[in-house]
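In: Structure of the sequence below:
(chains A and B)
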Amino acid sequence: MAMPVPRSEGGRDAIEIHNLTKAYASQDGSIEALSDLSIAVADAEFVTIVGHSGCGKSTLLRIVAGLLAPSSGLVRVRGRTVGAPLSDVGMVFQRPVLLKWRTVFDNVMLPIEMLRLPRAEGAQRALELLRLAGLADFRHHYPAQLSGGMQQRAAICRALVHDPSLLLMDEPFGALDLLTREEMNFELLRIWGDRRKTTLLVTHSISEAVLLADRVIVMTPRPGRLAGVIEVGLPRPRTPETKLDPRFVECVRTIGRSIGLLYI
Amino acid sequence: MGISKTDISATIISIAVTLAAWEILTRVLRIPGFILPAPSAIFVEAVRRYPLYLYHSWVTFYEMVVGFLLAAAIGVFLAVVIVYSRFVRNMIYPQIVALQIVPKVAIAPLLLIWAGYGLTSKVLLALLVSFFPIVVNMVTGLLAIEEELLDLCRILHSGRWQEFAKVRLPNALPYLFSSLKVASTLSVIGAVIGEFVGGNEGLGHLIIIANSELRTSMSFVALFCLSLLGFLLWGLVALAERVFMPWEKWQSAAPAAA
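Out: The predicted model follows:
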């Protein structure tokens, strides 16, 4: 049995993952995507998960969101066992998947409509978020008129508009070019700094993982197990200079080693 | 899609050249009018008896449009049912395909027996000829949803109705409209087949009369009217597409750099 990850100081745990295992049926028997994974995420904590492709990171997020049932083990969100899709979750995917027939504003309003929340308040929050994400001037544009980075920012607004307690992000910047990705990291930090949601973000990029997170969870490939947990401990707000901090470099190095990259 | 002046003038020039060559050849080679009338003769025929052509065009257009609209309504309805019920899909999809395989020309005489020589049989044929692409495309469109969007719907507890109305249906619109364009041109064929087989109205009927009397210029005017009607309905669909999918014009254009 894996050691449960020590919870971070103060605050109750927003997400508890206990001995989670997920196996998929396949042609040659069953494939284990996640194996005996235990993680706890504190309230308002930003946790990133890194690992090779196919280490079950996305599977983990889908289980936490209640979109997928685990084979064994359990997930608790704010003390309640997850058994069905959670509306208390904002989800951002690798692709923005905005509705192309809706304007940016109407896209951000989708959760308000679907969850049948009060429209006036929702509209106000949508506008605030769009302003925060620098998209206020583009709210009447269609997604196809925006760049990839702007579309993803709109998707982040959509994930936050119904004020969920959890933000789950599945390689949200994986489809963007490197420069945009850098920019988006700081955009996200700015938005997150304003809202302080408990956030679980999956990424391939070690430096992205360190830059964003309070803690980085490293996973082994196939089946996904816990390879290590790194407390980042860098001060916030993080800036481009953060990347020059020796502690940042040390974190990246430690993670690289635990993931099996020997050259850093 | 932008149409420049050069595009238009190229089209006009090519049509003018074709017509001129046609006119000259019929005169130089002394081709008899009942085999291939000159464009000028066709034009004279059209102008001289325009009320006749106008009336029969109206009849054919009416059959086309009603058949087309019914095909759209039935096609969309069937597609929704097929997508949402496996049972219904297994029941009716094979039959729809079988119906599509049967040549409509071959069942036209039957339809005349069942629905009579009036407009109904023509409307039914226009419907039968044009509804298949609508069903098939609409089914594809309703199913072509990104996995993540369905996840999002589940997180947002959308329920089936909101998922359909807010995600699946609008997502299927581009598929629907491209099939409606195809169907609009097919509906002309359906209406004319019906008029060929029986009846005493419509452009198809005029062509039969013209042929039996060897009045070839009359056939040509009727043919011209037919293609005009097809164009007209197609244009109306294209117009509706622009009105109902204002976002689509941004789709083809590359988005601004990331």
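In: Identify the residues contacting A:Asn185.
Out: A:173, A:208, A:211-212 (CB atoms under 8 Å, 6 or more residues apart in numbering or on different chains). Yep, even glycine has a C-beta here, placed from its N, CA and C like the rest.
In: Would you mind giving the secondary structure of it?
Out: Classification of A:Asn185 using DSSP: H, G, I helix; E, B strand; the rest coil returns helix.
In: Likewise for B:Ala73?
Out: When the rule is three-state DSSP, B:Ala73 gets the label helix.
In: Run a quick neighbour tally on it.
Out: B:Ala73 has 13 neighbours, counted by other CB atoms under 10 Å in any protein chain shown.
In: hang on, the earlier thing: what's the most distant pair in the contacts of A:Asn185?
Out: A:Phe173 and A:Leu211 (11.3 Å; CB to CB).
In: In ChimeraX, how would I select just the buried ones from the contacts of A:Asn185?
Out: Buried subset of the contacts of A:Asn185, written as a ChimeraX selection, criterion 16 or more other CB atoms under 10 Å in any protein chain shown:
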select /A:173,208,211,212
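In: What is the nearest of the contacts of A:Asn185 to chain B?
Out: A:Phe173 (10.9 Å; CB to the nearest CB).
In: Close to chain B: what parts of chain A are there?
Out: By CB under 8 Å from any CB of the partner chain, the residues of chain A that approach chain B are A:62, A:65-67, A:85-87, A:89, A:91, A:93, A:95, A:97, A:99-102, A:110-111, A:113-115, A:142, A:144-149, A:151, A:162, A:176-177, A:180.
In: In strands only, show me these.
Out: Counting by DSSP state E, those place A:89, A:91 in strands.
In: Just the residues of chain A next to chain B: which are in helices?
Out: Among these, the members found in helices (DSSP state H) are A:62, A:110-111, A:113-114, A:148-149, A:151, A:180.
In: Now list the buried members of the residues you listed.
Out: Neighbour-count burial (16+ other CB under 10 Å) applied to these gives A:62, A:110-111, A:114, A:148-149, A:151, A:180.
In: and of these, the nearest to A:Gly122?
Out: Minimum distance to A:Gly122 across these is 8.0 Å, recorded for A:Pro111 (CB to CB).
In: and the stretch 1-150 of chain B, which residues reach chain A?
Out: B:146, B:148-149.
In: what would those residues look like in CSV with secondary structure, neighbour count and pLDDT?
Out: As requested, the residues of the stretch 1-150 of chain B next to chain A are exported to CSV (DSSP: H, G, I helix; E, B strand; the rest coil; neighbours: other CB atoms under 10 Å in any protein chain shown; pLDDT from 0 to 100):
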residue, secondary structure, neighbour count, pLDDT
B:Glu146, coil, 13, 92
B:Glu148, helix, 17, 92
B:Leu149, helix, 19, 94
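In: Pull the contacting residues for residue 123.
Out: Using chain A. Residues in contact with A:Ala123 (CB under 8 Å, 6+ apart) are A:109, A:112.
In: meant chain B actually
Out: B:63, B:66-67, B:70, B:191, B:194.
In: Just among those residues, which is most surrounded?
Out: The residue in those with the most neighbours, by other CB under 10 Å, is B:Ala191 (34 neighbours).
In: Quickly check the buried ones among the ones in helices among the residues of chain A next to chain B for the two that are furthest apart.
Out: Between any two of these (CB to CB), the greatest distance is 29.0 Å, for A:Met114 and A:Thr180.
In: Three-state assignment for A:Pro237, please.
Out: coil.
In: for it, what are its contacts?
Out: A:189-190, A:193.
In: can you rerun that using 10 Å?
Out: Contact analysis of A:Pro237 by CB atoms under 10 Å, 6 or more residues apart in numbering or on different chains lists A:186, A:189-190, A:192-193.
In: before we move on, back to that, tell me the buried residues within the residues of chain A next to chain B.
Out: Among these, those scoring as buried are A:62, A:65-67, A:85-87, A:89, A:91, A:93, A:95, A:97, A:99-102, A:110-111, A:114-115, A:142, A:144-146, A:148-149, A:151, A:162, A:176, A:180 (criterion: 16+ other CB under 10 Å).
In: Walking through chain A, point out its strands one by one.
Out: Under DSSP E, chain A gives strands at A:13-26, A:29-42, A:46-50, A:72-77, A:80-81, A:89-92, A:166-170, A:198-203, A:215-219, A:226-231.
In: Next, format these as CSV and append mean pLDDT and distance to B:Ile207.
Out: Formatted as CSV, the strands of chain A follow (pLDDT from 0 to 100; distance: least, CB to CB, whole Å):
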stretch, mean pLDDT, distance to B:Ile207
strand A:13-26, 86, 62
strand A:29-42, 85, 65
strand A:46-50, 93, 71
strand A:72-77, 89, 72
strand A:80-81, 85, 74
strand A:89-92, 93, 61
strand A:166-170, 93, 62
strand A:198-203, 93, 66
strand A:215-219, 91, 73
strand A:226-231, 84, 78
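In: rewinding a little: Throw the residues of the stretch 1-150 of chain B next to chain A into a markdown table and include distance to B:Pro109, thanks.
Out: Shown next, in a markdown table, are these (distance: CB to CB, whole Å):
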| residue | distance to B:Pro109 |
| --- | --- |
| B:Glu146 | 47 |
| B:Glu148 | 52 |
| B:Leu149 | 48 |
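In: picking up where we left off before, let me know the closest of the contacts of B:Val123 to chain A.
Out: When those are compared against chain A (criterion: CB to the nearest CB), the nearest one is B:Leu70, at 26.2 Å.
In: which pair in the contacts of B:Val123 spans the largest distance?
Out: Across those, no pair lies farther apart than B:Leu70 and B:Gly194, at 13.8 Å, counting by CB to CB.
In: what touches both of these two?
Out: Shared contacts of B:Leu70 and B:Gly194, counting by CB under 10 Å, 6+ apart, come down to B:123-124, B:126, B:128.
In: ok so, going back, any idea which of the strands of chain A gets closest to B:Val88?
Out: When those are compared by CB to CB, strand A:13-26 sits nearest B:Val88, at 28.6 Å.
In: And that closest one, what's buried?
Out: By neighbour count on 16+ other CB under 10 Å, the buried set for strand A:13-26 is A:13-18, A:20-23.
In: re earlier: which one of the shared contacts of B:Leu70 and B:Gly194 has the most neighbours?
Out: Most neighbours among the shared contacts of B:Leu70 and B:Gly194, by other CB under 10 Å: B:Ala126, with 32 neighbours.
In: Rounded mean pLDDT for the helix or strand that contains that residue, please.
Out: In this assignment (DSSP states H and E), B:Ala126 forms part of helix B:119-143. The pLDDT scores in helix B:119-143 average 94.
In: same thing with stretch A:122-129?
Out: Throughout stretch A:122-129, pLDDT has a mean value of 92.
In: Next, count neighbours for residue 96.
Out: Reading this off chain A. By other CB under 10 Å, 23 other residues sit near A:Pro96.
In: Oops, wrong one, chain B.
Out: 17.
In: A:Gly148 and A:Leu98, how far apart?
Out: As judged by CB to CB, to the nearest Å, A:Gly148 and A:Leu98 stand 11 Å apart.
In: hang on, isn't B:Gly116 packed against B:Val197?
Out: No: the criterion here is CB atoms under 10 Å, and B:Gly116 misses it with B:Val197 at 12.0 Å.
In: More neighbours: which of those two?
Out: Neighbours of B:Gly116 and B:Val197, each counted by other CB under 10 Å, are more numerous for B:Val197; the result is 20 against 12.
In: what sits against that one?
Out: By CB under 10 Å, 6+ apart, the residues touching B:Val197 are B:105, B:107-112, B:117, B:121-122, B:125, B:204, B:208.
In: The closest residue to it other than its chain neighbours sits in which helix or strand?
Out: In this structure, B:Val197 finds its nearest non-sequential neighbour in B:Ala108, 4.4 Å apart by CB to CB, 6 or more residues apart in numbering or on different chains. If you go by DSSP H and E, B:Ala108 is part of helix B:104-115.
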